[in-house]
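[1] This is a predicted model, with the sequence first.
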Amino acid sequence: MKKNKYTILSVCALLFLVGTQATFADDVFVPGWRGEEGTVVAACNWWSQEDENYDGFGSLGIGPETNPGGFELQFPQWARYHNGVLRASYEGRQDVLEFIGDGYISFGLPNYDGGYQKLILIQVTWRNFGPAGNIEIWDSEFDPNDLPWPQHSDARMLLPLKEKVHARGWVTTQFAFIMEPNPSYESFKIGFEADGSYVDQVVIDTICFSVPDDTKWEQLPDTNPTGMDIRIDRNDENDRILADDFLCTTTGPITNVRLWGSWFNDTKGNIDTIHLSIHADIPAEDSLYGYSMPGNELWSMDITDFDEDLYIGLEDEHEWWWDLYDGVRYRYGDQQIWQYDINIDPNDAFVQRGTFNEPLIYWLDVYVETDGMGQFGWKTRDPNDGHFNDDAVYLGDPNWLELKYPATHPYYPDSIDMAFAIRTETEPHMDLGDAPDSSNSYDPNTMTAYPGVEADFPTVYVIGSPPYGPIHLAPKSVAYLGTDVSYEYEADIFTDEDGINNIVPPSDSSNNDGADDGVSTLPALPYCRWTTFDYDVKVINAGVDLYVNVWFDFNRDGDWGDTPTCSCCSSGSAPEWAVKNQLLYNLPAGDNTVTTPGFRTWHPDPDEAEDIWMRITLSEQPWTFEDYALDPNTVGGSGPAMGYEYGETEDYLYTPDTSCTECANLNCDGIVDLEDFAIFALQWLQECD
């Protein structure tokens, strides 16, 4: 079978080593996330010598150890240390920092395009006579050299990962953090609280998450002679069961589980039933045994319908076999690795409840029932693929026991993870507009606003930004327009609740959002007259101030950035940003109808009604030119780089009524009074027979 790797993350990464000698300290305990496809691995020794091309640190070059993926070398913008003394060598390690009192290392990292959330992984190789010190995460949306740094309130430590102890008291500690939303810059400060702290190396990776795909978690099998199969069938009197933990950062049903395993001596039988169960986590600090383990069972299912395929054959090599319950261990156990795909109906699936801000750890427990013709083992994870949190476990009598490689194995006494992948069909939960946008995700990508007119409305959020298309991350949490919102991940790609993307650039199709219903009666736009219109707002949680902005493409040039001038009546401008930050406050929960402030209209031909694009945005923050680095005349209708948290954006293409209204504001002063009646009477006497 062809080896297929799921795409786990959309990655925009800056991964680098702050290192010292030719043999890097972190190579003793290589991070599982180091050198993955799509990341950038670099090495720099910034505290020993300066490189003329970089301020304050020098490069160590690219090689198999520093850059196993061979990707382009990247560097932090700057790096500093405080209260530290550089030692040329210390205990066999070159260029080590010794901290006197409270000291810290700080880094300034630029961001990269895309990403709603950012995962930050940090590994520190250090020695300290006190506690593990502290890591503070700070970020700025501007240059990290602009002080002071504001602290990002949503930055938090996910978990301290496994710590590796080296000789002479040196340790390698990993940490993981989530930032949501993804800031423009990160400035990290790693603090060490005690005298006599020494730091040899730091590894940092920043991974940007864009749209979540259908892979929740993946631990790839060890396909080398070091791979091991641990028996999980129940053909004899032993009730074997193994379990491993995984991290959930996106809520959704688990609709597919993939397992890898082998048959002892490649004597293949048939699996009748695969038993899966999901358990809560008992963290190590709450465990009586000092390591984490499965807790309460949250879901279970016996599966008899699954897909089985030969994953790979090792030809001249063999992998290990281990029966924990009988004590049997063989060096030459098998040569074939099998893959099992288990599809689960979403109505019967376990729904994970973790989020990026509030991640959860779960445990997957597995055993199988076979036809009795063979012995089946669950495959171990490739250590080069990484290691998560704590060891896998097996159920002893009666407690869970942690799994480590046995004494005769090359990886002894390292931790064991099992090989599996978890997938979910995540539903979209964001809202974007549906006006045509030529800076979209396709190439060629030109769309038209009207026949022969290129569309430059900012609708797509990621590609072609800035300007950013307005995206609402939690549209229904506080308030939205009309009676419903149709969800999508992006305006022109990925899954859309409507079954069609808001815009489809290859066919020049737009205006496809099925829930644009906030303006039930589209506004009449009499030429160069003042007008208003009504719109509907559904409030879910009252007490949040909201803002409404409306744009019209009055001059029909495919954007919302112009200000035509009226010469009729009294002269005046008709900005395409027609309704500016109308503040809605104290709206009660439920359905509300709101009237816009008055605004002046304009058309290229006063006597001919032409189609027009209109955008209305409801959000929790005002729209200001200062939010954008580009010319404000080019970004009308756009959204902030971090997106809106609440609300909705609706776009309308329609032919407006341009005739005079019954109560015309004929002198264009925004007030209908006797002066307008006098003008009407004068026009009637002069123009009507």
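    Looks like it arrived, so ask away. What you are looking at is a predicted structure, and each value in this text was computed from that prediction instead of being measured.

[2] Return the per-residue confidence for V328.
    At V328, the pLDDT value in this model is 88.

[3] mind listing what it touches?
    Applying CB atoms under 8 Å, 6 or more residues apart in numbering, we find V328 in contact with 321-322. C-betas here are computed from N, CA, C, even on glycine.

[4] could we number from 720 for the rest of this?
    New numbering, starting at 720: the last item is V1047.

[5] so it bridges to which residues?
    Counting by DSSP bridges, V1047 forms beta bridges with D1042.

[6] can you check Y823 too?
    H801, G910.

[7] V843 too?
    Beta-bridge pairing for V843 (DSSP bridges): T892, V921.

[8] surely it meets V921?
    Yes. Between V843 and V921 there is a contact under CB atoms under 8 Å: 5.4 Å.

[9] shaky segments in the stretch 820-969 of the chain?
    820-821, 825-842, 847-883, 893-915, 922-935, 969 (pLDDT under 70).

[10] okay, V843 and V921: which has more neighbours?
    When V843 and V921 are compared for neighbours, V843 comes out ahead with 26 against 23, by other CB atoms under 10 Å.

[11] separation between that one and F1139?
    V843 is 29 Å from F1139, where distance means CB to CB, to the nearest Å.

[12] Ok, C967 next?
    Counting by CB to CB, the separation of C967 from F1139 is 14 Å.

[13] what does G1291 give?
    Here the distance between G1291 and F1139 works out to 67 Å (CB to CB).

[14] Between those two, which is the more surrounded one?
    More neighbours surround F1139 than the other of G1291 and F1139, with 24 against 16 (other CB under 10 Å).

[15] Now that one. Nearest residue, chain neighbours left out?
    L978 (5.3 Å; CB to CB, 6 or more residues apart in numbering).

[16] Pull up the per-residue confidence for that neighbour.
    On the pLDDT scale, L978 is placed at 97.

[17] Surely it touches H994?
    No. Using CB under 8 Å, L978 makes no contact with H994, being 11.4 Å away.

[18] what residues are shared contacts of those two?
    Taking CB under 8 Å, 6+ apart as the criterion, L978 and H994 both touch V1085.

[19] The two: which has the busier surroundings?
    Just comparing L978 and H994: by other CB under 10 Å the higher neighbour count belongs to L978, 24 against 16.

[20] Okay, now the sheet partners of the helix or strand the more buried one falls within, with direction.
    Element membership of L978 [criterion: DSSP states H and E] is strand 971-982. Strand 971-982 has the following strand partners under DSSP bridges: strand 1055-1062 (antiparallel), strand 1070-1071 (antiparallel), strand 1095-1098 (antiparallel), strand 1139-1143 (antiparallel).

[21] Follow the chain on from that strand and name the next helix or strand.
    Assigned by DSSP H and E, the successor of strand 971-982 is strand 990-1001.

[22] Name the next helix or strand downstream of that following strand, please.
    strand 1012-1022.

[23] quick one: strands adjacent to that next one?
    The strands beside strand 1012-1022 in its sheet (DSSP bridges) come out as strand 990-1001 (antiparallel).
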